[in-house]
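1. Any chance you could fold what I've pasted below:
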Amino acid sequence: MDATALARQLLGPIPAHVTLGLEVVRAADGAAEVAAEVPEALTNVIGSLHSSGLITLVDAAGLAALVAAVEDPDGFAGVVPLGAAAELRFLAPARGRLVASCRLEDEALAAVRALYAGRAAKARVGTEAEIHDGTGAVVCAGRFGWSLRRR
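-> Down below sits the predicted model:
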């Protein structure tokens, strides 16, 4: 199912996403892409996106991929996703338009779909995202550990 509109609705109002100018590009079938143009106000001493902006992109790509796992429009209703752990690897300066992508692995996809369908009370999954710059170079990679449950 294409959950891009749902991901935009859920991720759009998050203050860190607003500050960064985050855009959900697509979210479907357990995969997602989010993007942002690096704002000068969020750069570090070398003109690269500050680590707080990079973790925002990794987090948002993972969260959008989790939303993208829904099989019906109401599947995410009442679900509370909480980040439990994070790791970043800085590979190159992050400048210009950045795109973060994440695809759930089969095991994670099955676990969250069981939660969304009501066959499980909670799910613990990991997401991995890569951030590419306008040349296609990977500038950062990261992992997020998630705990999801229904309210």
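2. contacting residues around the spatially most central residue of the chain?
-> With distances taken as C-alpha atoms, centre = their mean, residue 61 lies nearest the centre of the chain, 1.8 Å away. Contacts for residue 61 (C-beta atoms under 8 Å, 6 or more residues apart in numbering) come out as 32-34, 100-102, 127, 129, 131. Heads up, the C-betas are built off the backbone N, CA and C, glycines and all.
3. Now intersect the residues you listed with the strands, please.
-> If you go by DSSP state E, the contacts of residue 61 have 32-34, 100-102, 127, 129, 131 in strands.
4. Same list (those residues) but as TSV, adding pLDDT and neighbour count.
-> Compiled in TSV, the ones in strands among the contacts of residue 61 are given as follows (pLDDT from 0 to 100; neighbours: other C-beta atoms under 10 Å):
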residue	pLDDT	neighbour count
32	98	31
33	98	22
34	98	32
100	98	28
101	98	20
102	98	28
127	98	24
129	98	27
131	98	28
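5. and which of those residues is nearest to residue 111?
-> residue 127 (11.7 Å; C-beta to C-beta).
6. so that closest one makes contact with residue 64?
-> No - the pair residue 127 / residue 64 is not scored as a contact, 9.5 Å apart, by C-beta atoms under 8 Å.
7. Which residues are in contact with each of these two?
-> Counting by C-beta under 8 Å, 6+ apart, the contacts common to residue 127 and residue 64 are residue 102.
8. does the residue lying farthest from the centre of the chain sit in a helix, a strand or a coil?
-> In the chain, the residue that sits farthest from the middle, by C-alpha atoms, centre = their mean, is residue 45; the gap is 25.8 Å. Following DSSP: H, G, I helix; E, B strand; the rest coil, residue 45 is assigned to coil.
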